[in-house]
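# Sequence unavailable; structure follows:
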């Protein structure tokens, strides 16, 4: 299916405004407003208990918001029952029928909608091809591997051609290699069908790999929304920076502020540029983040912006982590890509300098 025509036919833009959800005295979602674009792979990312699944269930209709509005292509849907919404959900446990064949599982929803037999057969054949299971239509789902069962669950959810597909941590039960393979498959399916995908996960790598945009959640609130590179390279606050990957936090003093960058003074006295979140005006003492791969080691400790002593070296195959103790006692990590075999060339107890590129430091919002 052509992606542009799929987008035009499906729609799927979701608007959530002022969403709050209470379970007794516990507030699971606190004043969330989000705009999810049509034909977007949008991910709700956060730790357990952050409210992401509750938000997903409110889009599906399994939970009703205590306050707020949920719109689909501009029409209010918060009052509609789940079966009245052009939305389907893929659950963590797949929820397949073990006594039915793969084809019967895929066509089940269409059968419940009263679709003609010929139409069901045509759609099932299309879905089997889409998920690369053409030869397994007559097998029972119990005869399939975990990854194949996941594809059946996806095909069944896609068969009625919903405007929005909701995915509630659907890859968590798979092993690491299969999970990585399914990440690619999910992104391919979203692009080929032109359906809006809303994906829930606590796995940062899943979110970064598949998403067009990510909403990072904590304690029922959305902390930041952005493209994967924005969430990783330009985190707006400490929780986002700490939750997404590994990073170094350094307390610095603001020297001067420009349009979109500031000059900050490191504990060593060296000054470097740093970007800052939109809508903020940094001043005084602030915290910056520098990702480990955005710093490099040098033997010229005296002239580098930072310097310290290596207290640990961790080899991880693709890269090596140098853990450096700075002069003020804090720790800084450098990630070296292993472009050759053998030791990294550094040793524990060695004093090194740390070079920092001009465009990598980010000031966090207070």
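Sure thing, it's come through. Keep in mind that this is a model prediction, so the values were computed, not measured. Residues are numbered from 1 along each chain as shown.

# Buried residues in stretch 141-154, which are they?
For stretch 141-154, the neighbour count (16 or more other Cβ atoms under 10 Å) marks 141, 144, 147-154 as buried. No exception for glycine: its C-beta is placed from N, CA and C like everyone else's.

# try stretch 174-181
174, 178-179.

# In the chain, which residue is most central in space?
Central residue of the chain (Cα atoms, centre = their mean): residue 207, 2.2 Å from the mean position.

# Go through whatever helix or strand that one lives in and flag the buried ones.
For residue 207, the host element (DSSP states H and E) is helix 204-210. Residues of helix 204-210 classed as buried by neighbour count (16+ other Cβ under 10 Å): 204, 206-208, 210.

# Which residue ranges of the stretch 251-366 of the chain form strands?
261-265, 271-275, 285-290, 295-298, 306-315, 319-326, 331-337, 351-356, 362-363 (DSSP state E, counting those that start in this stretch).

# ranking those by burial, who's on top?
Across the strands of the stretch 251-366 of the chain, averaging neighbours per residue (mean count of other Cβ atoms under 10 Å) puts strand 362-363 on top, at a mean of 22.

# What about the residue lying closest to residue 294 once chain neighbours are set aside, how many residues nearby?
Once flanking residues are discounted, residue 294 sits nearest to residue 360: 3.8 Å by Cβ to Cβ, 6 or more residues apart in numbering. Per other Cβ atoms under 10 Å, the neighbour tally for residue 360 reads 18.

# looking at it, the residue nearest to the centre of the chain is touching residue 215, isn't it?
No. With contact defined as Cβ atoms under 8 Å, residue 207 does not reach residue 215; the gap is 9.5 Å.

# what residues are shared contacts of those two?
Here residue 207 and residue 215 have 43, 45 as joint contacts, going by Cβ atoms under 8 Å, 6 or more residues apart in numbering.

# Which of the three states applies to residue 149?
Counting by DSSP: H, G, I helix; E, B strand; the rest coil, the backbone at residue 149 sits in helix.

# what's the spacing between it and residue 238?
Using Cβ to Cβ, to the nearest Å, residue 149 is found at 39 Å from residue 238.

# gap between residue 170 and residue 12?
18 Å.

# Then residue 345?
For residue 345, the distance to residue 12 - Cβ to Cβ - is 52 Å.

# Compare these two (neighbour count), which wins?
Neighbours per residue (other Cβ under 10 Å) separate residue 345 from residue 12, with residue 12 holding more: 24 against 10.

# so what's that one up against?
Contact partners of residue 12, counting by Cβ under 8 Å, 6+ apart, are 36, 38-40, 72-73, 163-164, 195-196.

# if we take those, which one ends up nearest to residue 123?
Of all those, residue 195 has the smallest distance to residue 123: 14.1 Å, by Cβ to Cβ.

# The stretch 51-200 of the chain: strands as residue ranges?
In the stretch 51-200 of the chain, the segments counted as strands under DSSP E, counting those that start in this stretch are 67-72, 75-76, 87-90, 164-168, 196-201.

# Mind giving me the packing neighbours of the last one?
Identification of packing neighbours for strand 196-201 by 3 or more Cβ pairs under 8 Å, 6 or more residues apart in numbering; DSSP states H and E yields strand 41-45, helix 52-60, strand 164-168, helix 176-193, helix 204-210.

# of all those, which lies closest to residue 315?
Using Cβ to Cβ, these put helix 176-193 closest to residue 315, at 19.5 Å.

# Show me what that closest one is in contact with.
Against helix 176-193 from outside (Cβ under 8 Å, 6+ apart): 1, 3, 6, 10, 41, 130-131, 146-147, 150-151, 154, 158, 165, 167, 171, 174, 197, 199, 206, 209-210.

# try stretch 101-116
With contact meaning Cβ under 8 Å, 6+ apart, stretch 101-116 is reached by 88, 96-97, 100, 119-121, 123-124, 127-128, 133, 136-141, 144, 152, 155-157, 159-160.

# In helices, which of the residues you listed appear?
Using DSSP state H, the subset of these located in helices is 119-121, 123-124, 127-128, 152, 155-157.

# burial of residue 227, as a residue count?
The local packing of residue 227 (other Cβ under 10 Å) involves 14 other residues.

# give the contact list for residue 51.
21, 28-30, 32, 217, 219-221.

# Now do the contacts for the residue lying closest to it once chain neighbours are set aside.
Nearest residue to residue 51, sequence neighbours excluded (Cβ to Cβ, 6+ apart): residue 220, at 4.1 Å. For residue 220, the contacting residues are 21, 27-30, 32, 50-51, by Cβ under 8 Å, 6+ apart.

# State the distance from residue 148 to residue 132.
Taken as Cβ to Cβ, the span from residue 148 to residue 132 is 9 Å.

# try residue 315
Computed as Cβ to Cβ, the residue 315 to residue 132 distance reads 37 Å.

# Just flag the most distant two among the ones in helices among the contacts of stretch 101-116.
Spatial extent of those (Cβ to Cβ) is set by the pair 119 and 152 at 19.3 Å.

# Good, we can wrap up now.
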